[in-house]
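Asks: Next come a sequence and a model predicted from it.
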Amino acid sequence: MDIETERAQQKAADDADANACPSCRAALVRGMRFCRMCGYRLGEGMAEYVETIRLGDVQAAAAMPGFASDRETLTASGAPTTIMSPPASSPPDKRSVNRGRGKRRNWLKVWLVVALVVFGVVGGKLLIGAVRDAARQRMARLQAPPQPRAFFGAEDFDDHEGGGVLVEAALPDSPAERAGLVDGDVITTFDGVSIQGEDDFRELLRRTAIGKTVEVRYLRDGETRATTLTTIPSNAYDEDAFVPPGGKGLLGVSDLDRVAVEGTKIYGVRLGEVSSNRPADLAGLKGNDIVVEFDGKPVRTVEGLVKRIDFAAPGSIVPVLVVRDGQRLTIPVKMGRER
């Protein structure tokens, strides 16, 4: 063999070595920078170098972390090799998933508690403010002077058997007294409306305008009568203005009771106890006497007699008409002064 032929053969061998993969010796396609059989990259340097498991080295492949043998194949030279692949992804750990969900639920609970606290504080402040405002408004109403209403002029009323209201006491110089009403009268009709009882009458008075003139029908000692009455503002009447300058009068009687006078259609006030050395006792009044008239005015209720005693001037002489054992007696009494 001559020298030229030997050089040609050596060059062909060198070219074959240059076109073979340095890792698996598989033939390389000219111009490509990596081996299609094992993935080895040419000229990338040590930093990019990935060690390739040689053909048949299954035990070494098995020792590599994160890889598992999948299947065997043949290289271009016919030598068996093992293709390495990452392990199949495992299903998610249920405990990890549950822990994640539990954390989300815990955060939701925390936010819910925070929201409840915030709303509770805000709502509590609003509620306290509303209660405070309501209390202030109520105090303002209580402290404000009452609005005037239509004034009738009676001390009190009471239900009457069979309908109507009983006037307990007609106050001095009031609309009721000016209209001729006295204690013991039973009002049956007011301003054309039939009266059934005390509540019914008071509601009617509340609806009556101040200064209105109305017709009043009533019973006195079994007789039906009628009169007209003009209401006045309630704040225009002062009962204390009629108390005598020397103070309220004193009679000296107690345990009073409203009773029917036998043999008549009228009522009077029976005296229970007459205090010794008091005006009534000194004048000759006795227990069980029935007072039917005081200072010339009819007496039909306990409240009416008490009011007439209060407004009697101390030291004045007052005629008192009583029924004693079926007899009518007029007894003059010198009034005392209540201390």
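Replies: Happy to help now that I have it.

Asks: Please count neighbours and contacts with C-alpha atoms only from this point.
Replies: Noted.

Asks: where do the helices sit along this protein?
Replies: For the chain, the helices defined by DSSP state H occupy 3-18, 58-63, 94-143, 175-178, 198-207, 279-283, 302-310.

Asks: lowest-pLDDT helix or strand in this protein?
Replies: strand 68-74 (a mean of 47; mean pLDDT, DSSP states H and E).

Asks: Below-threshold pLDDT in the stretch 151-300 of the chain: ranges please.
Replies: Low-confidence segments of the stretch 151-300 of the chain (pLDDT under 70): none present.

Asks: worst average pLDDT in the helices of the chain?
Replies: Of all those, the minimum mean pLDDT falls on helix 58-63 (a mean of 52).

Asks: how's this structure carved up into domains?
Replies: What automatic domain parsing lists as the domains of the chain is 14-85, 102-144, 150-236, 245-337.

Asks: nearest to Glu4, of the ones you listed?
Replies: Of all the domains of the chain, domain 14-85 sits nearest to Glu4, with 15.3 Å by C-alpha to C-alpha.

Asks: before we move on, back to that, any chance of the domains of the chain in a markdown table, plus mean neighbour count and distance to Glu4?
Replies: Shown next, in a markdown table, are the domains of the chain (neighbours: other C-alpha atoms under 10 Å; distance: least, C-alpha to C-alpha, whole Å):
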| stretch | mean neighbour count | distance to Glu4 |
| --- | --- | --- |
| domain 14-85 | 14 | 15 |
| domain 102-144 | 12 | 81 |
| domain 150-236 | 18 | 144 |
| domain 245-337 | 19 | 161 |
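
Asks: end to end, how far does stretch 207-217 reach?
Replies: One end of stretch 207-217 to the other measures 18 Å (C-alpha to C-alpha, to the nearest Å).

Asks: Just confirm Thr231 contacts Arg207, I think it does.
Replies: No. In this structure, Thr231 is not within contact of Arg207 by C-alpha atoms under 8 Å, at 11.7 Å.

Asks: didn't Pro314 look like it was pressed against Arg337?
Replies: Yes. Contact criterion C-alpha under 8 Å: Pro314 and Arg337 qualify, at 5.0 Å.

Asks: what do those two both touch?
Replies: Listed contacts common to Pro314 and Arg337 are 246-250; contacts here mean C-alpha atoms under 8 Å, 6 or more residues apart in numbering.

Asks: and the gap between Leu250 and Asn277?
Replies: Leu250 is 12 Å from Asn277, by C-alpha to C-alpha.

Asks: Same check on Asp240?
Replies: Distance, Asp240 to Asn277, using C-alpha to C-alpha: 28 Å.

Asks: for Ala130, same thing?
Replies: Shown here: Ala130 relative to Asn277, a distance of 63 Å by C-alpha to C-alpha.

Asks: Likewise for Phe311?
Replies: Separation of Phe311 from Asn277 (C-alpha to C-alpha): 21 Å.

Asks: now do Trp107
Replies: Relative to Asn277, and taking C-alpha to C-alpha, Trp107 is found at 92 Å.

Asks: Would you check how far apart the closest residue to Asp221 other than its chain neighbours and Arg138 are?
Replies: The shortest distance from Asp221 to any non-neighbouring residue, by C-alpha to C-alpha, 6 or more residues apart in numbering, is to Ile266 (4.9 Å). Per C-alpha to C-alpha, Ile266 is found 47 Å from Arg138.
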